[in-house]
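**Student:** model the following, please.
(one chain, ligands or ions: 1)
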Amino acid sequence: MTLEHGNVMTAGPDARRHFKRSLLHWYRRNRRDLPWHRDQDPYRIWLSEVMLQQTRVAAVTEYYGRFLKKFPSLEKLASAREVSVLALWSGLGYYRRARMLHQAARVVVREHAGKFPNTAEQLRHLPGIGRYTAAAIASIAFNQPVAVVDGNVERVLQRLFGQIIDGEELWSSAEALLNQQHPGDHNQAMMELGATVCLPRQPLCLRCPVSAWCATRGEVQSPGTPSRKTKREIRYALSSRNGSVFLVKRGKNVSLMPGFWELPEISVATPRVKPWLTLRHSITVTNYTVDVFRRQPSTNADGTWVRSSRLAALPLTGLARKILNAAGLI
Ligand code: SF4
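**Tutor:** Coordinates of the predicted model:
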């Protein structure tokens, strides 16, 4: 591949120094005003990193504030019941994250006297903390010189270098560019650049602080097959009376969201009856069209009448929350 512009890796140590300085300067002046950008507390950094996995920033902002209000410290989280943690996570999806977060808080309190381990290596021994999260906490909260690689950083690096790199090569390239004096801000700057400037479809190269050291300036797109989503139709019954709603609890052994509450599913459509509500809902690789019918449960239906005032404290599936919201019940 012919490189028309400078490449930060091949341009030598001076170029790398300028690159790091420009990136850091840009980040400190332009970072979005997000609650976790104001913090170096490991508990808060960890919480934001876990919430941000597979979830949009706008959704996380709201949940993050609510979660910290209820569990302002690691100790409070560790002493909470799992059902309360899941209730607060309800609607954010990927509930395994919440369970792992809760378990890890208990391990830190029990085995580390409530103090977070401060190296990426030690952090990775905690439940649910992988290579990325460990590096993010270690660098941002403890100033440890370890680089992070997430989807945004991967895209930025590939464009900077003008080639597709993956696996270990990505991590070692990120390490080679890391600002050793300011690893936390550097890592956040790389992620912020990917999230706000080096965008997946149309990078804003004219606004990029490191375009002078970029091999492609957006001309080379990373290949990647767009994910194919399957479509499904699904029907639910919404039954409410006297301030209560009829819900069912998912079994303990189901693979997805065990123990969560949802509306009873209707297996067969009733001909010629129009749904009260139709909405779209996406879970991982499936797009659902959801029809909701207002009807009373049959006398032998499995399920429980739950008072609306109790709904906020229950772990509800994201879809149940959406429907109950539309019905004005929460
Ligand atoms: S925004 Fe453009 S110039 Fe900056 S790193 Fe991305 S592709 Fe390169």
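
**Student:** C-alpha only now, for contacts and for neighbours.
**Tutor:** Will do.

**Student:** I'd guessed Pro264 sits against Ile234; true?
**Tutor:** No: using CA atoms under 8 Å, Pro264 is not in contact with Ile234; the gap is 11.0 Å.

**Student:** these two: who's more crowded?
**Tutor:** Pro264 (21 against 15; other CA atoms under 10 Å).

**Student:** now do the contacts for the more buried one.
**Tutor:** 236-238, 246-248, 303 (CA atoms under 8 Å, 6 or more residues apart in numbering).

**Student:** check which residues of the helix or strand of the chain with the lowest mean pLDDT are buried.
**Tutor:** Least confident element among the helices and strands of the chain, by mean pLDDT, DSSP states H and E: strand 277-283 (a mean of 83). Neighbour-count burial for strand 277-283, counted by 16 or more other CA atoms under 10 Å, picks out no residue.

**Student:** what is the longest helix that the chain contains packed up against?
**Tutor:** Secondary structure assigned by DSSP state H gives helix 13-30 as the longest helix of the chain. On a contact count with 3 or more CA pairs under 8 Å, 6 or more residues apart in numbering; DSSP states H and E, helix 13-30 meets helix 183-196.

**Student:** what about whichever residue of the stretch 51-200 of the chain sits closest to the ligand, distance to Arg207?
**Tutor:** Nearest residue of the stretch 51-200 of the chain to the ligand: Cys198, at 3.7 Å (CA to the nearest ligand atom). Distance from Cys198 to Arg207, counting by CA to CA, to the nearest Å: 9 Å.

**Student:** ok, the two, which is more surrounded?
**Tutor:** Neighbours were counted for Cys198 and for Arg207 using other CA under 10 Å; Cys198 has more, 24 against 11.

**Student:** next one: phi and psi at Val149?
**Tutor:** Val149 has phi and psi values of phi -130, psi 110 when expressed as degrees, to the nearest 10.

**Student:** among the contacts of Pro264, which pair sits farthest apart?
**Tutor:** Between any two of the contacts of Pro264, the greatest separation by CA to CA is 13.2 Å, found for Tyr236 and Gly303.

**Student:** many thanks, have a good one.
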